[in-house]
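1. here is my input; please provide its structure:
(one chain, ligands or ions: 2)
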Amino acid sequence: MTALPIPNITLNDGKQIPQLGLGVFLVEPGETERIVIDALEVGYRHIDTARIYDNEAEVGAAIAKSGIPRDELFITTKLWNSDQEDPLGAFNASMDRLGLERVDLYLVHWPVPEFGTALGAWKGLIEIAESGRATSIGVSNFEIPHLQELLDNTGIVPAVNQIELHPLNQRRELRAFCREHGIAIEAWGPLAQGKSDLFERPEITAAAAAHGKTPAQVILRWHLQHDTIIFPKTTRRERMVENADILDFELTAAEMAAIDGLDAQHNFGPDPSTFNRR
Ligand SMILES: NC(=O)C1=CN([C@@H]2O[C@H](COP(=O)(O)OP(=O)(O)OC[C@H]3O[C@@H](n4cnc5c(N)ncnc54)[C@H](OP(=O)(O)O)[C@@H]3O)[C@@H](O)[C@H]2O)C=CC1
Ligand SMILES: O=C(O)C(=O)[C@@H](O)[C@H](O)C(=O)CO
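-> Numbering: from 1, shown residues only. Ligands and ions are numbered 1, 2, ... in the order given. Coordinates of the predicted model:
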């Protein structure tokens, strides 16, 4: 299985992350092994899963069957909200399901300010990183005050913040804060979860026509040119190929500016300040 020539981004801890991977939110457990094998065969080496996706075991099975050396893969999983008071126990359970000795990236999935346990969870992740079993640690869905609490109380800066980010929701203030503090941005919902008319917007279709690419490829390329890490989800092998075929063209400054202009601060997912699902 040959890896695609995906560029790496260097994180603030010196580790490298492939800028493009596959996300497996809403991939049924029964389908996950086949889909992850497909992605690895296509040449992906970065998989983003989470405890709450209920498919860690199947991701692990695909990794084991692939025979790809562990060091050539980049695997992320996440601490679910109801486990914030027991990060080590939850981490061990995720590792057992994945069948791995180490993950490349472990994230606090949501800040859940109502619980008041995110700082303790972050301290737990720091200990896990110190044990060497999570190579890098970060957070997801953290807004500026949630990040500030971690910085003020631990001085350990998350390597990434995984947030909802796409042309309709560009999170400029949060991205600027993260840039200032050396926190890499991972975009979830990079294609706006397929829930919008984004693929039909003239700013996208014009660039697609100009470069002989699809609207999805233009949107994903826009992310890459903003140095964002992406892992679009698809269950279809031909779309895995399409979504990775974005390394051979460059959006012009005018095309980037036109897509930048689509920001409507429209989120399709929950509000991180109030989301409290257990
Ligand atoms: N930290 C967090 O809170 C969250 C993290 N995530 C992570 O981010 C990943 C990506 O985000 P996600 O929410 O899945 O949304 P995406 O923006 O990746 O959109 C996925 C949707 O787009 C469709 N799609 C994929 N490729 C194409 C294409 N080339 N052309 C047209 N449609 C396409 C998929 O359909 P089909 O499968 O039929 O191809 C699916 O319906 C997740 O899988 C997960 O790993 C997601 C949500 C929240
Ligand atoms: O996909 C994720 O990573 C999420 O955290 C969310 O989609 C969340 O689990 C959810 O279901 C929101 O309704």
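
2. leaving out the residues flanking it, which one is nearest to the residue in the stretch 101-250 of the chain positioned nearest to ligand 2?
-> Relative to ligand 2, the nearest point of the stretch 101-250 of the chain is residue 109 (5.7 Å; C-beta to the nearest ligand atom). Quick note: C-beta positions are derived from backbone N, CA and C, even for glycine. Closest residue to residue 109 apart from its sequence neighbours, by C-beta to C-beta, 6 or more residues apart in numbering: residue 78 at 4.1 Å.

3. next, count neighbours for the one you found.
-> 27 (other C-beta atoms under 10 Å).

4. thinking the residue of the stretch 101-250 of the chain closest to ligand 2 is in contact with residue 125, fair?
-> No. The pair residue 109 / residue 125 is not scored as a contact, 11.2 Å apart, by C-beta atoms under 8 Å.

5. now for the two: what residues contact both?
-> By C-beta atoms under 8 Å, 6 or more residues apart in numbering, residue 109 and residue 125 have these common neighbours: residue 79.

6. out of these two, which sits in the more crowded spot?
-> Neighbours around residue 109 and residue 125, counted as other C-beta under 10 Å, are more numerous at residue 125. The numbers are 25 against 22.

7. tell me which residues form a beta bridge with the residue nearest to residue 109?
-> residue 107 (DSSP bridges).

8. confirm for me that it is in contact with residue 52.
-> Yes. With contact defined as C-beta under 8 Å, residue 78 and residue 52 form a contacting pair (7.4 Å).

9. quick check: neighbours shared by these two?
-> With C-beta under 8 Å, 6+ apart, residue 78 and residue 52 have common neighbours residue 109.

10. got the CA coordinates for stretch 236-249 in PDB?
-> Output of stretch 236-249 as PDB, limited to C-alpha atoms (Å, rounded to 0.1, in the frame of the first residue of the first chain):
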ATOM      1  CA  ARG A 236     -17.100   6.100  -0.700                       C
ATOM      2  CA  ARG A 237     -13.800   5.100  -2.000                       C
ATOM      3  CA  GLU A 238     -14.000   7.200  -5.200                       C
ATOM      4  CA  ARG A 239     -14.600  10.300  -3.000                       C
ATOM      5  CA  MET A 240     -11.500   9.300  -0.900                       C
ATOM      6  CA  VAL A 241      -9.600   9.500  -4.100                       C
ATOM      7  CA  GLU A 242     -11.300  12.800  -5.100                       C
ATOM      8  CA  ASN A 243     -10.800  14.400  -1.700                       C
ATOM      9  CA  ALA A 244      -7.100  13.700  -1.700                       C
ATOM     10  CA  ASP A 245      -6.500  14.800  -5.300                       C
ATOM     11  CA  ILE A 246      -6.000  18.400  -4.300                       C
ATOM     12  CA  LEU A 247      -2.200  18.600  -4.300                       C
ATOM     13  CA  ASP A 248      -1.700  19.500  -8.000                       C
ATOM     14  CA  PHE A 249      -3.300  22.900  -8.200                       C
END
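
11. residues in contact with it?
-> So stretch 236-249 is contacted by 4-7, 20, 22, 38-39, 42-44, 211, 213-214, 216-217, 220-221, 224, 232, 234 (C-beta under 8 Å, 6+ apart).

12. do stretch 91-99 as well
-> 49, 51, 56-57, 59-61, 63-64, 75, 77, 79, 101-103, 106, 124, 128, 133-134.

13. check stretch 28-47 too.
-> The contact list for stretch 28-47, computed with C-beta under 8 Å, 6+ apart, reads 1-4, 6, 17-18, 20-22, 24, 27, 54-55, 57-59, 61-63, 65-66, 68, 72-76, 231, 235, 237, 240-241, 244.
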